[in-house]
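> Return a 3D structure for these sequence lines:
(one chain, ligands or ions: 2)
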Amino acid sequence: MQVITGTREFQISEPTVVTIGKFDGRHKGHQKLLRKMQELKESMGLRIAVFTFDMAPMGVVTGHPVTVITTNEERRRKLERMGVDYLVEYPFDREIAHMDPETFVKKILVSQMHAKAITVGPDCSFGYMGAGNVELLRILSDQCGFEAVIIEKEQDEHRDISSTYVREELTLGNIEKANELLGEPYTIGGTVVHGNHLGGPVLGFPTVNLLPPPEKHLPPFGVYVTRILIDEKEQTVGSHQRVFGGISNIGRKPTISGDNPVSVETYIMGFDGDLYGKQIEVQFLNFERPEMKFDSLEALKERIGKDRNYGEMYFREHPEFLREI
Ligand SMILES: Cc1cc2nc3c(=O)[nH]c(=O)nc-3n(C[C@H](O)[C@H](O)[C@H](O)COP(=O)(O)O)c2cc1C
Ligand SMILES: Nc1ncnc2c1ncn2[C@@H]1O[C@H](COP(=O)(O)OP(=O)(O)OP(=O)(O)O)[C@@H](O)[C@H]1O
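Ligands and ions are numbered 1, 2, ... in the order given. As a prediction, the model looks like this:
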């Protein structure tokens, strides 16, 4: 996948099927849309191109903080895995926010992205004040020589699946529901960093620490059963991911004094090795309990022992989560 980022000046030379949107989380609705694009890729001989905005600066421009299910980097990985050939992360600024919808389609989608088909959901909006809609796309499709392909929205219990819906369920702590809407587990990925080095030596539970970026939309602080994917580069057969069961705490570790940053601390079951500086993904499967302030490290240690038992029981009941993927 070619990522075109941080620039307005680009040109895709191959003819494409294009879609537009935020694709935060790459939920089941997005997956349906991307599958349709794969069909069009094959039947019309096109490449798949996604137009989206660089998410991080959106909060700066709109003036209120925006949290996301997937960071730019996580979204890239997920779109690449679904066969996207070109990903345009267009800089979000006043100029693009004020562009009229017709100019947006003609200049960016048709000229720069070489769109021969444009695939969107029926509520898609684009251009200044979101004034562009599927009606305009249909009109422009004749003038500009592209096919407008509108797909029905994927629903869950009579509600359209959307990133907003997923974020709501995450905020409520309904991790299983969020995962159902996402079509895969909610994930926090990142590079393993050093913590206070209390986990192994003092508590008897070595942990790996991730620091989610401030824009990452988090479920409530607490302890979750997780599945950990560890990138393994193999010299001859490319890279693959090892799968482990785990038990993770999201929060600020109130038992440990000091102004601790929000972290994701994971005890990986059956893993013994050094992961500092390595890329891992922590996938959230089940909520166990809220994060608590304990009177002593001894009490915390005892509780983490119970958390581990809870995790082990969960994986005995759901062995499918430990299969290699
Ligand atoms: C399964 C699990 C549950 C945890 N629960 C809590 C908790 O309820 N309260 C808390 O203050 N810290 C909790 N922690 C975080 C520990 O305080 C932290 O892992 C420990 O201090 C080691 O941190 P370090 O890696 O920075 O040394 C939990 C950690 C794990 C792995
Ligand atoms: N449930 C769905 N089924 C099919 N297509 C969808 C679905 N949800 C969104 N899409 C389409 O995917 C594209 C990207 O949508 P986008 O990510 O911008 O919005 P969203 O998922 O509806 O989230 P939000 O809550 O932010 O509006 C759009 O064309 C949209 O119509």
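> The residue of the stretch 201-325 of the chain found nearest ligand 2 - how many residues pack around it?
Nearest residue of the stretch 201-325 of the chain to ligand 2: residue 217, at 11.5 Å (CB to the nearest ligand atom). Every residue, glycine included, has its C-beta placed from N, CA and C. The tally of other residues near residue 217 (other CB atoms under 10 Å) stands at 20.
> what's the closest non-adjacent residue to it?
residue 67 (3.9 Å; CB to CB, 6 or more residues apart in numbering).
> What lies in contact with stretch 1-8?
For stretch 1-8, the external contacting residues (CB atoms under 8 Å, 6 or more residues apart in numbering) are 10, 12, 54, 76, 79-80, 84-91, 96.
> pLDDT on that stretch, on average?
Averaged across stretch 1-8, the pLDDT comes to 95.
> Does stretch 312-325 reach ligand 1?
No. Applying CB under 6 Å from any ligand atom, one finds stretch 312-325 separated from ligand 1 by no less than 12.0 Å.
> And the average pLDDT for that stretch is what?
Mean per-residue pLDDT for stretch 312-325: 93.
> Pull up the distance across it, start to finish.
The straight-line separation of the ends of stretch 312-325 (CA to CA, to the nearest Å) is 20 Å.
> Give me the contacts around that stretch.
225, 227, 229, 240-245, 269, 285-286.
> Mind putting those into TSV with neighbour count, secondary structure and pLDDT?
TSV is the format used below for those (neighbours: other CB atoms under 10 Å; DSSP: H, G, I helix; E, B strand; the rest coil; pLDDT from 0 to 100):
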residue	neighbour count	secondary structure	pLDDT
225	24	strand	98
227	22	strand	98
229	19	strand	95
240	14	strand	76
241	14	strand	83
242	13	strand	91
243	15	strand	95
244	17	strand	97
245	24	strand	97
269	16	coil	96
285	21	strand	98
286	19	strand	98
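> So which of those residues is the closest to residue 100?
Nearest to residue 100 among those, counting by CB to CB, is residue 229 at 43.7 Å.
> show me the contacts for the closest one.
With CB under 8 Å, 6+ apart, residue 229 has these contacts: 241-243, 280-281, 283, 325.
> what two of these are the furthest from one another?
Most distant of the contacts of residue 229, by CB to CB, are 280 and 325, 14.1 Å apart.
> Based on its surroundings, how many neighbours for the residue lying closest to residue 1 once chain neighbours are set aside?
Nearest non-adjacent residue to residue 1, counting by CB to CB, 6+ apart: residue 80, 4.2 Å away. The criterion is other CB under 10 Å. On that basis, residue 80 has 14 neighbouring residues.
> Then residue 100?
With other CB under 10 Å as criterion, residue 100 counts 13.
> Verify the stated contact: it with residue 130.
No. Counting by CB atoms under 8 Å, residue 100 does not reach residue 130; the two are 11.6 Å apart.
> wait, which of the contacts of stretch 1-8 is closest to ligand 2?
residue 79 (11.4 Å).
> ok, which stretches of the stretch 51-200 of the chain are helices?
For the stretch 51-200 of the chain, the helices defined by DSSP state H, counting those that start in this stretch cover 58-62, 72-81, 94-97, 101-103, 134-144, 163-171, 175-182.
> measure residue 324 to residue 242 for me?
Using CB to CB, to the nearest Å, residue 324 is found at 8 Å from residue 242.
> List, one by one, the residues from the stretch 101-250 of the chain near ligand 2.
120-121, 123-124, 151, 153-154, 160-164.
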